[in-house]
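Peer 1: structure of the sequence below:
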Amino acid sequence: MSITTAFYQRLADDTYLKAQLTAYNGMPGVFTASPVPTNAKRPYIVTAGQVSDSTEIALHSKTRVATQFIRDIRIYTDQTGSMAKIEQLGEHVWKLFHQQPLAIDGWQVLEVKASRPLI
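Peer 2: Below is the predicted model of the structure:
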């Protein structure tokens, strides 16, 4: 399983998000490529590519390769004049990832940290 697949599965398999996001081709509105299809209806989530990828971290040593990945998860909703929906979804997504285990084949994931949503 790749990093992209792990992120997708964490988001698309979540019961709360399935109920809150629109469906696209029978699946929850979670996209791993940008731009999303033009016929996708909001609300949906996009998690695509690494924002940064660094091995210059404290866990990296002569005997262990350690990498820090930073990835954005973006939430899109219709303009309603309120940020409430984005705030609710953002907080939920944060809880799904922050300090939660994440299985990625071929990797030993030591730590998962998520930043609080930026609105």
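
Peer 1: A40 contacts N25, correct?
Peer 2: No. Contact between A40 and N25 fails when scored by CB atoms under 8 Å: they sit 9.5 Å apart. The way it works is simple: take the backbone N, C-alpha and C, and place the C-beta from them, glycine included.

Peer 1: show me what secondary structure element comes after the lowest-mean-pLDDT helix or strand in the chain.
Peer 2: With mean pLDDT, DSSP states H and E as the measure, the helix or strand of the chain carrying the lowest mean pLDDT is strand 52-54 (a mean of 63). Tracing the chain past strand 52-54, the next element assigned as helix or strand by DSSP states H and E is strand 68-70.

Peer 1: quick revisit: between A40 and N25, which one's more packed in?
Peer 2: A40 (16 against 8; other CB atoms under 10 Å).

Peer 1: contacting residues around the residue nearest in space to the middle of the chain?
Peer 2: The chain has I73 as the residue nearest its centroid, 4.3 Å off, counting by CA atoms, centre = their mean. By CB atoms under 8 Å, 6 or more residues apart in numbering, the residues touching I73 are F7, L11, I45, V46, T47, V93, F97.

Peer 1: let's see it at 6 Å
Peer 2: For I73, the contacting residues are T47, V93, by CB atoms under 6 Å, 6 or more residues apart in numbering.
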